[in-house]
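Novice: sequence-free structure coming up:
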């Protein structure tokens, strides 16, 4: 369920987040990727209940606008499901090949499968391993095996 939110009028009203990454001068942090969907509630259930993404925000900051933000486990980059923002309008299902880096691709794959996500077999693409899945609208995702990552 979405709710209205008030935007702080002054930066001093925004609470400190000690877990947030430091934004150094000159840095360009990619932290939010809009994912085009046809049904925000259905997509929210898929990403939160089946993929295990944390629901960070579900608000309607203005009439006809809805913003749902979800974050994959351990990630600094979130996704957003949007309605009523023409500048972010994309055809549902048109996003391709978002990568989720995992330490153990088979464990990650089995975790998603156990939650009802249809994940393809692991593929070896020249020493880099991937397993693909899609959301209910057809946006595609890849689990990318990187066991050396911390």
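Specialist: It's in. Everything quoted here is computed from the prediction, not taken from an experiment. Numbers count the residues shown, from 1 in each chain.
Novice: CA atoms for contacts and neighbours, from now on please.
Specialist: Will do.
Novice: quick one, helices of this structure?
Specialist: According to DSSP state H, the chain carries its helices in the segments 40-45, 105-114.
Novice: Go through these and name the closest to residue 61.
Specialist: Nearest to residue 61 among the helices of the chain is helix 40-45 (15.5 Å), distances taken as Cα to Cα.
Novice: closest one to residue 130 among the helices of the chain?
Specialist: Here helix 105-114 is closest among the helices of the chain (Cα to Cα), at 7.6 Å.
Novice: buried ones in the closest one?
Specialist: Buried residues in helix 105-114, counted by 16 or more other Cα atoms under 10 Å: 105, 106, 108, 109, 112, 113.
Novice: if I pick the residue positioned nearest the centre of the chain, what's in contact with it?
Specialist: For the chain, the residue nearest the mean C-alpha position is residue 79 (3.2 Å; Cα atoms, centre = their mean). Contacts of residue 79 were listed using Cα atoms under 8 Å, 6 or more residues apart in numbering, and they are 32, 33, 34, 35, 69, 70, 71.
Novice: Narrow those to those that are buried.
Specialist: Neighbour counting by 16+ other Cα under 10 Å classes 34, 35, 69, 70, 71 among the contacts of residue 79 as buried.
Novice: Please render those as a markdown table that adds pLDDT and distance to residue 136 to the earlier fields.
Specialist: Output for these, formatted as a markdown table (pLDDT from 0 to 100; distance: Cα to Cα, whole Å):
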| residue | pLDDT | distance to residue 136 |
| --- | --- | --- |
| 34 | 98 | 15 |
| 35 | 98 | 12 |
| 69 | 98 | 17 |
| 70 | 98 | 16 |
| 71 | 98 | 18 |
